[in-house]
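>>> the following block contains a protein sequence and its predicted model.
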Amino acid sequence: MWSVIKSVLAALIGVQSNLKRQQDFSSGKPFIFIVTAIVITLIFVLVLVGVALIAAR
């Protein structure tokens with residue numbers, strides 16, 4: 001699971017290597033990557049909203 005999280009984080013910021021991307025696509029389980037990306041994105045957005053609310057006080 002840690003490798004999926006690292007791959008998703010690298011892909012989200014655009015620094016994933018071509019070799020790692022090919023390995024991820026050959027794993028045959030895109031559902032795990034999609035769900036992980038959605039969860040990480042939601043966490044990121046919630047953190048931004050929280051920071052904005054704190055800053056607005």
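Everything's here; your move.
>>> helix, strand, or coil at residue 15?
coil (DSSP: H, G, I helix; E, B strand; the rest coil).
>>> for it, give me phi and psi.
For residue 15, the backbone dihedrals (degrees, to the nearest 10) come out as phi -120, psi 20.
>>> look up how far residue 21 lies from it.
As judged by Cβ to Cβ, to the nearest Å, residue 15 and residue 21 stand 11 Å apart. To be clear about C-beta, it is placed using only N, CA and C from the backbone, and glycine gets the same treatment.
>>> the two: which is more packed in?
Taking neighbours as other Cβ atoms under 10 Å, residue 15 and residue 21 compare with residue 21 leading, 13 against 9.
>>> who does the longest helix anywhere in the chain touch, helix- and strand-wise?
When the chain is scanned for its longest helix (criterion: DSSP state H), the result is helix 30-56. Identification of packing neighbours for helix 30-56 by 3 or more Cβ pairs under 8 Å, 6 or more residues apart in numbering; DSSP states H and E yields helix 2-13.
>>> list the buried residues of the helix it packs on.
4, 7, 8 (16 or more other Cβ atoms under 10 Å).
>>> against residue 48, how distant is residue 4?
Counting by Cβ to Cβ, the gap from residue 4 to residue 48 is 23 Å.
>>> same check on residue 28?
Counting by Cβ to Cβ, the gap from residue 28 to residue 48 is 33 Å.
>>> what's the burial count for residue 24?
For residue 24, the count of nearby residues is 19 (other Cβ under 10 Å).
>>> give me the neighbour count for residue 36.
As a burial measure, residue 36 scores 16 neighbours (other Cβ under 10 Å).
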